[in-house]
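> can't give you the sequence, but here's the structure:
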């Protein structure tokens, strides 16, 4: 089986080296040789010549090469990645890609083109790096109706929240450190505002429920407003704050949301720290299963790219070129499920209310919540200190009962309008995950 | 695709009901119907008649039925399961089984028979119930050389150790409770002595390293000698005691061992509690990945049985009857790897030494360890109390440096022979897992 690799950056280089280093072992797994015969890279390394590999500057040369069976797209971005992938499919090539943005945004088009040509488009490496989570959803859990899944699917955000919690250091300082360590980009927007996680969540949701990719409908909230104070209050209440992607089927439709979330310290996923990723999947037969590992990095991502190549090669060896596993888990996608607006979801909430140090403030706040049918499950109110004390502010921290978000929006507005409240409330969603030890 | 189920006990009944309940969803996943056409059970339920399913008392009738494409073996045990599986293969049927003992002990024979007939024998459900760990090893991590894996693969033992630690209750009391809850059998030997875990470890090791199944070579030690005192000392040292299956490739060969193990409280697997299972796999590219979920129960096990059926059906639909994935991950198994004897492994050790309350006892013990090149990494020695105090015994708890087990055996013998030591030393192996947050 002959492989063409487009892009020799971090993941491309990792994939190239892994295929070369594991040649013998992969042959033992697949029953035939996998040969890289063509690469496209802007800065060709003279060493490539020695390996008898054709080297191009133009990625389309690889997709055009009649000897190439699999095109591995590792250039990233949309342009020219989309055109390249469609061109490769049109030329009858199987495609392996690590491009989460491309699949999340253009996957529906790409999979339809692949179906028509009878080729495979594989993308395990697009979600959670070295963790075989797509395979678990599409194959390992295929007997289940998935009810929900929740994941730490952006290592940068998880690293920042972990550092803030463990070292009591504020967001801007930790972000700077993450940039110095190479965990965050110079422009960190994609990671810390949740866009990268939203790409991955859209892909996971489609594989869980068999729905078309709906990236545009993912509610996305980042972590830049989280403070060490919130992390400490959460800790006191028995929770950790994690940046989660959550998708769930409810009677009214599908929740698709990425945001900071309080989860119980007793759950396994609350203890996933640093740059690591983890996804909990709740199936109706399997119960909760969890998948944990490195979510990024050249080697871990290349591990999944090469696993996809091996999957295709194992089937190819049996002279069957079309995929046995549908790209989004089901042969026919469901179109009867509505994506819910964030205002329609139900959640518990953490509220940090900057109350003025006045008599009766707690009674006023409680009354408003009661008026909207919201119970107080836990509350922390302490002597003010530091900056708050100077301003005459007493932070009141409340965990609420489960309530529809649009009701919470109104109640929050009323509380913020009280004379006794001095500024905007910090609000973070709370998830209980059915009380299991996930 | 037409399915015959042999055995309608806990897992068989779960599989039957899952296939019936998920008929439409499975058809959407596979692209064709999966029909149960024949079952064999000792106590036929009259309801089966309504479903237009042929019912036999003899399991061989199912394997003989020319209309059956897949035989699902869920009778357990060796006799007649082995004969049944070989007979089904001989008749050209694909086989799905949850029988870990059968695969661990007779897998080499079974896979060779299946290879000759070009049929699939699938056994995801034999290890760790609803967790797709075989698929992760054989496919998801196929680009890796696996370096080691470690798992909590017996829910009963994990439940007992968890309860002992959380409720400070002794082994016999917790075992009795586990039996009342149905987590442990009336004869609990298979679970608490590690035999069940050894079956699963043999299967995991073969899938990790591509070696023949070597159940007879698995070193097996149970949990019945663990006391709450040991759990408390471990806790004080920053560790938990878990019953682990561990397999590792070293320069001299393959470690295959099941025993109680101290692991750092900071690792994810140390926080897997109750009847849950988890497996950590260290690949050279992927790094550490962890797979967590329910290891037993009718529904979780049926989830994996039906996933195997779906795998076979997806390939079958494409008119390819032979498996794309080799039964033990590789087409050609390695035979250059020696299974190490337990005396050859290296480990750190926890020692609880029942010393007599005499001057200089610590000096004597330290001197013996030093003589054998063993360092003391941590030590706890407290005022004796209770039964120990009455007998004049001071428990000395030591964590040692890494040393070959045969050296530790000799050093332990010498210490037990000291006048200052009153009884047998309790010794438990300690694992560090390369310091990652598994």
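That came through fine. Since the structure is predicted, the reported quantities are computational estimates derived from the model, not experimental observations.

> Confirm residue A:274 sits in a strand?
No. Looking at residue A:274 with DSSP: H, G, I helix; E, B strand; the rest coil, it is coil, so not inside a strand.

> Pull the number of nearby residues for it.
By the other C-beta atoms under 10 Å in any protein chain shown criterion, the neighbourhood of residue A:274 contains 15 residues. From N, CA and C alone the C-beta is placed, and that goes for glycine too.

> Surely it and residue A:159 touch.
Yes. Between residue A:274 and residue A:159 there is a contact at 5.4 Å, judged by C-beta atoms under 8 Å.

> Return the set of buried residues in the lowest-mean-pLDDT helix or strand in chain A.
Across the helices and strands of chain A, the lowest-confidence element by mean pLDDT, DSSP states H and E is helix A:47-50, at a mean of 76. By neighbour count on 16 or more other C-beta atoms under 10 Å in any protein chain shown, the buried set for helix A:47-50 is residue A:48.

> Determine how far it lies from the middle of the whole chain.
In terms of C-alpha atoms, centre = their mean, to the nearest Å, the centre of helix A:47-50 is found 37 Å from the chain centre.

> now do stretch A:284-296
Distance, centroid of stretch A:284-296 to centroid of chain: 13 Å (C-alpha atoms, centre = their mean).

> Could you pull up the mean pLDDT of it?
Per-region confidence: stretch A:284-296 scores 97 on mean pLDDT.

> Establish whether that stretch and chain B are in contact.
Yes. Between stretch A:284-296 and chain B, judged by C-beta under 8 Å from any C-beta of the partner chain, the touching residues are A:285-294.

> what angle do the longest helix along chain A and helix B:298-317 make?
Using DSSP state H to define each element, chain A has its longest helix at helix A:298-317. Relative orientation of helix A:298-317 versus helix B:298-317 (axes from the mean of the first three to the mean of the last three C-alpha atoms, to 10 degrees): 50 degrees.

> Only the buried residues of helix A:298-317, if you could.
The neighbour-count check on helix A:298-317 (16+ other C-beta under 10 Å) flags A:298-316 as buried.

> what's near enough to touch the closest residue to residue A:284 other than its chain neighbours?
In space, not counting the residues next to it along the chain, residue A:284 is nearest to residue A:145; the distance is 4.8 Å by C-beta to C-beta, 6 or more residues apart in numbering or on different chains. With contact taken as C-beta atoms under 8 Å, 6 or more residues apart in numbering or on different chains, residue A:145 is in contact with A:283-284, B:22, B:25.

> Let's see if you can find the most crowded of these.
Using other C-beta under 10 Å as the neighbour criterion, residue A:283 leads the contacts of residue A:145 with 26 neighbours.

> ok so, going back, residue B:231: which of the contacts of residue A:145 is nearest?
Distance to residue B:231, by C-beta to C-beta, is smallest for residue A:283 among the contacts of residue A:145, at 32.7 Å.

> if I read this right, the closest one contacts residue A:249, doesn't it?
No. Using C-beta under 8 Å, residue A:283 is not in contact with residue A:249, being 11.7 Å away.

> Find residues that contact each of those two.
Looking at what touches both residue A:283 and residue A:249 (by C-beta under 8 Å, 6+ apart), the common residues are A:146-147.

> Please report the distance of the closest residue to residue A:408 other than its chain neighbours from residue A:398.
Spatial nearest neighbour of residue A:408, chain neighbours left out: residue A:349 (5.8 Å); criterion: C-beta to C-beta, 6+ apart. Using C-beta to C-beta, to the nearest Å, one gets 8 Å for the distance from residue A:349 to residue A:398.

> Please apply the same query to residue A:256.
From residue A:256 over to residue A:398 (counting by C-beta to C-beta), the distance is 27 Å.

> likewise residue A:187?
Relative to residue A:398, residue A:187 is positioned 36 Å away (C-beta to C-beta).

> Between those two, which is the more surrounded one?
Set side by side, residue A:187 and residue A:398 show more neighbours around residue A:398, with 24 against 8, by other C-beta under 10 Å.

> Skipping adjacent residues, who's closest to that one in space?
If you skip the residues right next to it in sequence, residue A:398 has residue A:351 as its closest partner in space, 4.6 Å away by C-beta to C-beta, 6+ apart.

> thinking the one you found is in contact with residue A:427, fair?
Yes. If you go by C-beta under 8 Å, residue A:351 and residue A:427 touch, sitting 5.5 Å apart.
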